[in-house]
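1. Return a 3D structure for these sequence lines:
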Amino acid sequence: MKKPPSPLKAYENLDFLKSDDARTIRILSEYMEPLTRLRKHKVNNTVLFFGSARAAPENSSALLARYYDEAEELAYLLARWAIKLKPKGKNFVICTGGGGGIMEAANRGADRAGGKSIGMNISLPMEQAPNPFISPELAFEFHYFFMRKFWLVYMARAIVAFPGGYGTLDEIFEVLTLTQTEKIDRRDITVLLYGEEYWREVLNLEALAEHQAINPEDLKLFKYCSDPQEAFEFLKSQLLPDLKPDE
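-> Numbers count the residues shown, from 1 in each chain. Next up, the predicted model:
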C-alpha cells in the first residue's frame, strides 16, 4: 500500500503564511527578526536620516541635488566620531530607509568613515532597491510600512530630516506627534530639520502656533541647521552632553 505524503507543518506552509489569516504572524516576524539581528550585531541606538530619494548628484538640475553631498558629509562626521567612542556595542549607528538619494548619501558617508550602517527598505510596486553602501548584515526589507516606521524610530536617538517630499513629511510629523504627546520622551530624541531655507519655505510651522493649533513650546521640538559641521556639533552636544568641546 502506497504511503500518503506527510502533511506540511504549519510553519512550512507558504500558502498559509501568505494568507490573510496569517497576517499577524507576518507582522510579528517583522518585529522579531530585526530585533534578533540588531541584538546580534550589538546595535544600541541610531542616528536616523530622512530625506528625498530624488536628491542625487547626477541629477544636477534638481534643487535637491546639493543636499546629497551635505548628507554624506554629516553622516561621515557622525560615524567617524561614534567609532572612536568605543562603547559596549554600537552607538549612534547611521540608519536610513535604505533607498537612493539622501538615504544613499548617509549610508555612503558612514561607509567612507569605516562604520557600519543600517538600511530599512520597503517593498513597493515600483521597486526601491537597497543602495550599495548599507552594511549587508544590517540590510532589512519590510512589507508593512508601520513595522518599518517602528524600527526606524524605535532605536533613534536623533533624527536628521533633509529636504524631501510626502514620505519625508509623513515621517517628520509622526515623530513630532509622538514627542508632542510624550509617547516618545522628548529628552530621549533630537529632531533636526536640515536645510532651513527649504523647510521654512515648505512648512510654516509658526502659523500652527499663531492659530493655537499647537503650543508655542512645540516649536522647540526641533531645530534648524544648514551646514554639516554645525549640525554635527549640535548633534554631539545632544547625544553626549557631557563631552568636552574637542571630543
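2. Next one: Leu219 from Tyr67, what distance?
-> Using CB to CB, to the nearest Å, we find Leu219 at a distance of 23 Å from Tyr67. C-beta here means a position set from N, CA and C on the backbone, and glycine is covered the same way.
3. more neighbours, the two?
-> Shown here are Leu219 and Tyr67; by other CB atoms under 10 Å, Tyr67 has more neighbours (25 against 12).
4. Okay, strands next: where are they in this protein?
-> For the chain, the strands defined by DSSP state E cover 46-50, 93-96, 117-122, 139-142, 156-161, 190-194, 223-225.
5. for the ones you listed, which one sits closest to Phe133?
-> Minimum separation from Phe133 across those (CB to CB) falls at strand 117-122, 7.0 Å.
6. The closest one pairs with which strands, parallel or anti?
-> Next to strand 117-122 in the sheet, as set by DSSP bridges, lie strand 93-96 (parallel), strand 139-142 (parallel).
7. Adding distance to Glu12, write those strands out as JSON lines.
-> Formatted as JSON lines, the strands paired with strand 117-122 follow (distance: least, CB to CB, whole Å):
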{"stretch": "strand 93-96", "distance to Glu12": "33"}
{"stretch": "strand 139-142", "distance to Glu12": "21"}
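8. Just name the most buried of those strands.
-> strand 93-96 (a mean of 30; mean count of other CB atoms under 10 Å).
9. Show me the shaky parts of this structure.
-> The model of the chain has pLDDT under 70 over residues 59-62, 127, 242-247.
10. Give the burial count for the closest residue to Tyr76 other than its chain neighbours, as a bare number.
-> Nearest residue to Tyr76, sequence neighbours excluded (CB to CB, 6 or more residues apart in numbering): Gly109, at 3.8 Å. Neighbours of Gly109 under the rule other CB under 10 Å: 27.
11. Surely Gly109 and Tyr68 touch.
-> No. With contact defined as CB atoms under 8 Å, Gly109 does not reach Tyr68; the gap is 10.1 Å.
12. for Asn13, phi and psi?
-> The phi/psi pair for Asn13 (degrees, to the nearest 10) reads phi -90, psi 100.
13. For it, give me its contacts.
-> For Asn13, the contact set (CB atoms under 8 Å, 6 or more residues apart in numbering) is empty.
14. can we see that at 10 Å?
-> 7, 19, 22 (CB atoms under 10 Å, 6 or more residues apart in numbering).
15. go on, Leu77?
-> Residues in contact with Leu77 (CB under 10 Å, 6+ apart) are 109, 113, 228-229, 231-233, 235-236.
16. next one: Ala105
-> By CB under 10 Å, 6+ apart, the neighbours of Ala105 are 49, 51, 55-57, 67-76, 96, 131, 133, 162.
17. From Ala213, how far off is it?
-> Per CB to CB, Ala105 is found 33 Å from Ala213.
18. Count the neighbours of Asp15 for me.
-> For Asp15, using other CB under 10 Å, the count is 8.
19. can you check Leu48 too?
-> Other residues close to Leu48 by other CB under 10 Å number 27.
20. For the residue lying closest to it once chain neighbours are set aside, name its beta-bridge partners.
-> Counting by CB to CB, 6+ apart, Leu48 lies nearest to Ala156, which is 4.1 Å off, once chain neighbours are set aside. Under the criterion DSSP bridges, Ala156 forms beta bridges with Thr46.
21. For this protein, which segments count as helices?
-> Listed in chain order, the helices of the chain (DSSP state H) span 14-17, 23-40, 66-83, 102-112, 145-154, 166-180, 196-202, 205-210, 228-239.
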